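Novice: Build me a model:
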Amino acid sequence: MKPAKARRKAVIKRPAVMTGAAIPVLGWPPDEDRVEAIFGRLSRVMPEPKTELNFSSPYTLVVAVALSAQATDVSVNKATDRLFKVADTPAKMLALGEAGLVPYIASIGLYRGKARNVIALSRILLERHGGEVPLNRAELQALPGVGRKTASVVLNELGIEAAIAVDTHVFRVSHRLGLANAATPDKVEAQLFRVVPEQWLPKAHHWLILHGRYTCTARRPKCSACLISDLCPSRAGLQALGEAA
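Specialist: The predicted structure is shown next:
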């Protein structure tokens, strides 16, 4: 039997943000031709991928993305469908107030903190930006409740910056495909920028999210129905473990 110390070294911990089926630790960087093929195929089935959050302006997009932290797009859309009918500008949101906002978003996780942030960022937009959302990363990230990931989603969706926001879907899919092997979202983002061909960068974020949401799911990924399964270095291992459909 191996000494306890040796046994501990053999254990590879899964990154904390991961859930679902096991993810192998793969070599990096990946083969360039394989990466090109992956995004080429995704582009053919999803030529114009978009966020599934409903919005009508940069302001409603910022609010929707801020509300989506640790919540599903479906749950956010249900809430904002009612909310944006009464408060779709910073002025209207500020008039609604935190107490007035809470009932609209109470079905979303962490709603009290999100309500505070939405009211605070609305006030800042009115006082410092003339009621308009600043469309640059530094000023966006300075808004309450808007971190790097939220800013990346907004800038990418509006076609301002080819950003890749690494959520749990992007993290999981990137690891399974061998596009990244880092242990934190920020490091995965850096790896993706190094390996994703420039022509695919503007839409890579959406392709990885949607592929992870509907095909390469956390539990029981649908490998048999995946259009890039032959390019995936994780498929054989997941199926051998009985963790893939």
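Novice: How many residues are close by the residue lying closest to A79 once chain neighbours are set aside?
Specialist: Distances taken as C-beta to C-beta, 6 or more residues apart in numbering put I105 closest to A79, at 4.9 Å, once the chain neighbours are dropped. Every C-beta, even on glycine, is put in place using the N, C-alpha and C of the backbone. For I105, the count of nearby residues is 24 (other C-beta atoms under 10 Å).
Novice: Next: D186.
Specialist: Around D186 there are 11 residues (other C-beta under 10 Å).
Novice: wait, the residue nearest to A79 sits on G113?
Specialist: No - with contact defined as C-beta atoms under 8 Å, I105 does not count as touching G113 (10.6 Å).
Novice: what's near enough to touch the residue nearest to A79?
Specialist: I105 makes contact with L67, A79, L83, Y111, K114, A115, according to C-beta atoms under 8 Å, 6 or more residues apart in numbering.
Novice: what about 10 Å?
Specialist: In this structure, I105 makes contact with 63, 67, 71, 75-76, 78-80, 82-83, 111-112, 114-115, 118, judged by C-beta atoms under 10 Å, 6 or more residues apart in numbering.
Novice: Is there a quick ChimeraX command that grabs whichever of these are buried?
Specialist: Buried residues among the contacts of I105 (16 or more other C-beta atoms under 10 Å), as a ChimeraX selection:
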select :63,67,71,76,79,80,83,111,114,115,118
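Novice: which one in the contacts of I105 is the model shakiest on?
Specialist: Scanning these for pLDDT, the low point is A71. It has 93.
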